[in-house]
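Colleague: prediction below, plus the sequence it came from.
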Amino acid sequence: MCILWLGLLTACGPTPAPRLDPMLPPSASDLELLGATRLCDAEDTVVKSWQGLRYEQVPWGSGEQLQRSAQSGQPDHDRFYFFNDEQRLVGAVFRYNQGLSLKPYPVLRQTLSELRPSSTFYIDPTQLLSQEGARSAVLYRTGDYTSTTQYLVLETEGDPTLLVASLAIDPYEQLLSSYHETFLPELNRSRSATPGEPSPEADQSDDFLGLQQFARGEAALFGSCGTAQPAIAVEAYRRSIQHGLKDEARIAEAHHRLGLALRDQSQLADAQRELEQALSLRPNSPVIISNLGRVLAEQQQASRAIELFKRALVLAPNYPEARFHLAQSLEQIDTRRAIEEYETYVALVQGIPREAKRIRFVLERVKRLKGE
């Protein structure tokens, strides 16, 4: 059990429907959070669905936060919606001021019983030595391939009580977790917690703006809202680096991701420069080494690319991406070795659904290289 200030509420995704995918955790819920709204909806679309309801707009770094406090028609909880620079909904937090009994929600209770607790917190560590002792709450995490849903539950015997629920597309999960205790219902905040509404400015770390742009870049690069947007990713990663990041590993990753986004824009020389910068900060990262090799291969620098792929495999022998790209680079130089690398790649990724298309391509290439 962690003795931590509970404000660690993080991001999540839309209320998931029951799933049969064995790769995903249980996520079925009969507690509707977003209603007809969905993550990635445009801000205008979200606001139109709130006709007649009061809300407040406040800055959230370079984005915006909309707050709907408890009202007469909806007295049980406060709602906080977070929008990025493109005015897309990237996360939401729901704070239940009196706690929400989960007795009327058997599907959600069943889901929580099947999930392993992510963390356990003392709600008010100042009460640890008191006669009553400190109450604890459990954080459960679930979601799908692009988003995360979290439930913060007060585990009272026979009647679990929901304190906070949150959802976000994955790149923003860590970012939203920076609010700490400000999202706890007032009756559950520790005595040292600041009263009042959560303020996007109050709990921001020194590199909040850099982290926010990094999350924006991730969402754009990997298509968290359905379609990859490499041009937006390039802008976001550059702004992230300009704003500054405290963690050197994160700085390296920002240069790495910027290199990938530039490659997707066919700006290979710029991509190479960013990947080399990332590698100078993390010289033993097989992923960065392999991706630099890919960019060099696309610039017809096969010998340097092969050296990098081999170097990546020394560091991570079971890294399938490096095996695949090494095989491609060897086809015109060492056919036998290329076949071996292709076959090793297939052995490493067999049974992984997302690799199925590439496996078919590799098997066809092996046939041709063997002259079959």
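Modeller: Thanks, I have the structure now.

Colleague: now the helices for the protein?
Modeller: With helices called from DSSP state H, the chain shows them at 43-48, 106-114, 173-176, 208-221, 230-243, 248-264, 268-281, 286-298, 302-315, 320-330, 335-349, 356-370.

Colleague: list the buried residues in the shortest one.
Modeller: By neighbour count with 16 or more other C-beta atoms under 10 Å, helix 173-176 contains the buried residues 173, 175, 176. No exception for glycine: its C-beta is placed from N, CA and C like everyone else's.

Colleague: would you mind finding the most buried of the helices of the chain?
Modeller: The densest packing among the helices of the chain, expressed as mean neighbour count by mean count of other C-beta atoms under 10 Å, is seen in helix 208-221 with a mean of 25.

Colleague: which other helices and strands contact that one?
Modeller: For helix 208-221, the helices and strands in contact under the criterion 3 or more C-beta pairs under 8 Å, 6 or more residues apart in numbering; DSSP states H and E are helix 173-176, helix 230-243, helix 248-264.

Colleague: how about a cut-off of 6 Å?
Modeller: Other elements packing on helix 208-221 under the criterion 3 or more C-beta pairs under 6 Å, 6 or more residues apart in numbering; DSSP states H and E are helix 230-243, helix 248-264.

Colleague: could I get those in CSV, plus columns for mean pLDDT and distance to residue 332?
Modeller: Output for the helices and strands packed on helix 208-221, formatted as CSV (pLDDT from 0 to 100; distance: least, C-beta to C-beta, whole Å):
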stretch, mean pLDDT, distance to residue 332
helix 230-243, 98, 29
helix 248-264, 98, 22
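
Colleague: which one of the buried residues of helix 173-176 is nearest to residue 76?
Modeller: Distances from residue 76 to the buried residues of helix 173-176, taken as C-beta to C-beta, are shortest for residue 176 (21.4 Å).

Colleague: circling back to that earlier point, tell me which of the helices of the chain sits nearest to residue 80.
Modeller: So among the helices of the chain, helix 173-176 is nearest, using C-beta to C-beta, at 9.2 Å.

Colleague: so how far is residue 360 from residue 368?
Modeller: With the distance defined as C-beta to C-beta, to the nearest Å, residue 368 ends up 13 Å from residue 360.

Colleague: what does residue 370 give?
Modeller: Using C-beta to C-beta, we find residue 370 at a distance of 16 Å from residue 360.

Colleague: cool, and residue 109?
Modeller: When C-beta to C-beta is the yardstick, residue 109 and residue 360 sit 43 Å from each other.

Colleague: quick revisit: want to throw the helices and strands packed on helix 208-221 into a markdown table with distance to residue 334?
Modeller: As requested, the helices and strands packed on helix 208-221 are arranged in a markdown table below (distance: least, C-beta to C-beta, whole Å):
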| stretch | distance to residue 334 |
| --- | --- |
| helix 230-243 | 33 |
| helix 248-264 | 25 |
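
Colleague: on that earlier part again, between the helices of the chain, which one is closest to residue 79.
Modeller: Taking C-beta to C-beta as the measure, the helices of the chain were each checked against residue 79, and helix 43-48 came out nearest at 10.7 Å.

Colleague: with adjacent residues omitted, what lies nearest to residue 55?
Modeller: In this structure, residue 55 finds its nearest non-sequential neighbour in residue 68, 4.6 Å apart by C-beta to C-beta, 6 or more residues apart in numbering.

Colleague: burial count for that neighbour?
Modeller: By other C-beta atoms under 10 Å, 17 other residues sit near residue 68.

Colleague: was I right to think it contacts residue 79?
Modeller: Yes: in this structure, residue 68 sits in contact with residue 79. The criterion is C-beta atoms under 6 Å, and the distance is 4.3 Å.

Colleague: just checking, what packs against the longest strand along the chain?
Modeller: Taking DSSP state E as the assignment, the strand of the chain that covers the most residues is strand 89-101. Packed against strand 89-101, as judged by 3+ C-beta pairs under 6 Å, 6+ apart, are the following elements: strand 77-83, strand 161-169.

Colleague: what about it, average pLDDT?
Modeller: Confidence for strand 89-101, expressed as mean pLDDT, is 91.

Colleague: outside of that strand, which residues touch it?
Modeller: When contacts are defined by C-beta atoms under 6 Å, 6 or more residues apart in numbering, strand 89-101 is touched by residues 11, 33, 39, 41, 46, 77-84, 159, 161-169, 172, 176, 183, 185.

Colleague: buried subset of those residues, written for PyMOL?
Modeller: A single PyMOL command suffices to select whichever of the contacts of strand 89-101 are buried according to 16+ other C-beta under 10 Å:
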select buried, resi 11+33+39+41+46+77+78+79+80+81+82+83+84+161+162+163+164+165+166+167+168+169+172+176+183+185
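
Colleague: quick one on the thing from earlier: determine which of the helices and strands packed on helix 208-221 approaches residue 339 most closely.
Modeller: Closest of the helices and strands packed on helix 208-221 to residue 339 is helix 248-264, at 27.0 Å (criterion: C-beta to C-beta).

Colleague: cool, thanks, talk later.
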